[in-house]
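S.K.: sharing a model that was predicted from the sequence below.
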Amino acid sequence: MVVAVAESGSVTKAAAVLGIAQPALTAQLNRIDRALGGSVFVRDRNGARSTELGDLVLRHARVLLPAMATLTDDVQRLVNSRDGDPGALRVGVAGSGLGGLFVNRLHSALPGADVTTVLPRTGGDLSGALACGTIELAVTGMCSDAPPPASEAVTWTRVSTDPLFVLLHEGHEYADKPEVTLAELAEEQWLGVPDDSCLASCFVSACVRAGFTPSAVGEADWTTAVDQVRTGRAVALVEPGQPDPPGVRAVPLTGAPLRRTHYLGWRRDVRGLLDTELIEDAAFRAHRDAVARSPQYGLWLERHPNIG
């Protein structure tokens, strides 16, 4: 109630948000003031403004409310699991093409589960969301030289390490080659997947080792990258494991100089509430699904059994 009044700036508006009568909310605020020994709000015709005491209460309330919501969710999940109902699972996905396949596998492994996805911008955001209980599971992709986001509250499992391929338009001179070297693409304009790890610097380092410095490195999501590559204006670093869209080809880079590692994460204190072995298996199966839908990647893995 206190948070609702503070955020709306009005007892009347807060009552509407909370779905209770304004006199009932006013009476409850008066009881809160008496219990605390001081006024939480200054209330007048201009609305409600928090006092110094109110600011103190609000600081604690904004910690307690999410913690209470997490407690409620975890209790409900445990009760549901005992009844054979896996309940709701929120899956955060950042920087990984395995997210959709993983959710599909969860639906198969946990029939009746309410599985939804959220898209924090970075792997670090995912770690924070796991730690505070905003999500239950996370899938993230990192440059293979970077560890997953560190948190004492979160457990990460490595699902796979995959090479990055280069996406070329179908008329490119190297589009039909089994592999292409970075040096052969020295004059191209490059696009990369958005990434909060060291991928950009690792890419530049790989180019320097190949004998050139890339002229520009932009960022693009999958759809944007495909549209630009299809016109021949750029080439893009992409994860293998998905069919080539019309007009473009994903070609392996010789020696796999750039690799991406996919991690599955969960909050450590949910181990008794979730079947983590089943969830890990769903992630591994999702990666196998990605390989299966890309015959070219499957053939590449056969030629390079020590990678992946």
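M.R.: Yep, that arrived. This is a predicted model, so every value here is computed, not measured.

S.K.: tell me which element residue 140 falls in.
M.R.: Here residue 140 is covered by strand 137-143, with elements defined by DSSP states H and E.

S.K.: now stretch 266-285: buried residues?
M.R.: Buried residues in stretch 266-285, counted by 16 or more other Cβ atoms under 10 Å: 266, 267, 270, 273, 274, 276, 279, 282, 283, 285. For every residue, glycine as well, the C-beta is placed using N, CA and C.

S.K.: using CSV, write out every CA atom in stretch 227-238.
M.R.: Output of stretch 227-238 as CSV, limited to C-alpha atoms (Å, rounded to 0.1, in the frame of the first residue of the first chain):
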residue,chain,number,x,y,z
ASP,A,227,18.9,-8.1,-44.7
GLN,A,228,22.3,-6.3,-45.0
VAL,A,229,24.2,-9.4,-46.0
ARG,A,230,21.6,-10.3,-48.7
THR,A,231,22.3,-7.0,-50.4
GLY,A,232,26.1,-7.6,-50.4
ARG,A,233,26.8,-4.6,-48.2
ALA,A,234,28.3,-6.6,-45.4
VAL,A,235,29.2,-10.0,-44.0
ALA,A,236,28.2,-11.1,-40.6
LEU,A,237,29.5,-13.4,-37.8
VAL,A,238,26.7,-15.8,-37.0
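
S.K.: quick one: contacts of that stretch?
M.R.: With contacts defined as Cβ atoms under 8 Å, 6 or more residues apart in numbering, stretch 227-238 is touched by 164-169, 171-172, 185, 188-193, 199, 203, 218, 220, 222, 225-226, 245-248, 250, 258.

S.K.: again, but for stretch 301-308
M.R.: Here stretch 301-308 makes contact (Cβ under 8 Å, 6+ apart) with 160, 161, 162, 163, 256, 259, 291.

S.K.: by neighbours, which of these wins?
M.R.: With neighbours taken as other Cβ atoms under 10 Å, the top of these is residue 162, carrying 26 neighbours.

S.K.: tell me who's in contact with that one.
M.R.: Contact partners of residue 162, counting by Cβ under 8 Å, 6+ apart, are 239, 240, 241, 259, 260, 261, 262, 307, 308.
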